[in-house]
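Engineer: here is my input; please provide its structure:
(one chain, ligands or ions: 1)
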Amino acid sequence: SSKSTLPYATRAKYHSHPVARLLFRTAVTKKSNLILSADMLTTKSLLDLADLLGPDIAVFKTHIDMISDLAPSTITSLKALATKHDFLIFEDRKFIDIGKTVQHQYHGGALHISEFAHIVNASVLGGEGIIDALEQVIRSPAFPYKDERKYTRASVAIARKYRDSVIGFVATKTLSDVSGTRDHDEDFVVFTTGVNASVEGDSLGQRYQTPTQAVKGGSDFVIVGRGIYAAEDPVEAAKMYQKEAWDAYLVRTGQ
Ligand code: 6AU
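Structural biologist: Predicted structure coming up:
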């Protein structure tokens, strides 16, 4: 069994990772397990969206390399908005290269990801060297997966080995129950993309489920992009997603 039936306050108290503790505390304070996927293309639209919807979200997810006029001030301003509205920043970079390359893409480089992102994600197709390399950066101020289940199992095994840096998975359900020895106290956070209240997918392969379905199925934080920023009234949409996801969390944890 996972920790999915425990209140976030309890998970904040017992989690071994400081970012996971901050994440759960933020969710409790703001009564929000909503992550906005801010797939914006300019600095102005990114910052406007962060300021507009900041009050309703726990996390602001970026694809910072999509910003055509990215400048140091983009990052400075985004960080200021994160402080103003009390949200975390998740850079959806999906690191995938060898450890050495990933280190430089994460720390320094053109994007300065380590300076603004509380959370990043990585794909372990290239092996655990990616996580080892990222963990090394944090510590200092070949996996031929042929099928999805093997890849998922390997991802969980790597996460278990690197618990000082890995807080969870982008997944549609809890992964702790996949085979392998599960530590009694492990509590990986489940971040779920492909959440939209009204459509089933897009023309490029995206598949959707509703916030209620996602949280019921084990999602701790729902990640919503177009469902919010492409809505006629994004503020109203953000509040609707926030409420639906939070209510589903309350039901799941029996509160
Ligand atoms: O709600 P949408 O469809 O507008 O946006 C979904 C967001 C996009 C994707 O790059 C991302 O979620 N995403 C991810 C992530 C976060 O890793 C994984 C995945 O399997 N599907 C997916 O859509 O920013």
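
Engineer: list the contacts for the closest residue to the ligand within the stretch 101-250 of the chain?
Structural biologist: In the stretch 101-250 of the chain, the residue that lies nearest the ligand is Gly225 (2.5 Å; CB to the nearest ligand atom). To be clear about C-beta, it is placed using only N, CA and C from the backbone, and glycine gets the same treatment. Shown in contact with Gly225 (CB atoms under 8 Å, 6 or more residues apart in numbering): 36-39.

Engineer: closest to Asp233 among the residues you listed?
Structural biologist: Leu36 (14.6 Å; CB to CB).

Engineer: the residue nearest to that closest one when sequence neighbours are not counted: neighbouring residues, count only.
Structural biologist: Among residues not flanking Leu36 along the chain, Ile57 sits closest, at 4.8 Å (CB to CB, 6 or more residues apart in numbering). Burial measure for Ile57: 28 neighbouring residues, criterion other CB atoms under 10 Å.

Engineer: what does Lys100 give?
Structural biologist: Lys100, neighbours per other CB under 10 Å, totals 10.

Engineer: I'd like to know how far it sits from Arg160.
Structural biologist: Separation of Lys100 from Arg160 (CB to CB, to the nearest Å): 24 Å.

Engineer: over to Ala82?
Structural biologist: Counting by CB to CB, the gap from Ala82 to Arg160 is 30 Å.

Engineer: show me what Ala38 is bridged to.
Structural biologist: Taking DSSP bridges as the rule, Ala38 bridges to Thr62.

Engineer: please shift the residue numbers so they start at 23 in all later answers.
Structural biologist: Will do, 23 is the new start, and the previous item becomes Ala60.

Engineer: can you pull the phi/psi pair for Leu110?
Structural biologist: phi -90, psi 160 (degrees, to the nearest 10).

Engineer: my guess is it contacts Ile79. True?
Structural biologist: No: with contact defined as CB atoms under 8 Å, Leu110 does not reach Ile79; the gap is 9.2 Å.

Engineer: may I see the buried residues of the lowest-mean-pLDDT helix or strand in the chain?
Structural biologist: Across the helices and strands of the chain, mean pLDDT, DSSP states H and E gives its lowest value to helix 170-183, namely a mean of 87. Buried residues in helix 170-183, counting neighbours by 16 or more other CB atoms under 10 Å, are found at 174-182.
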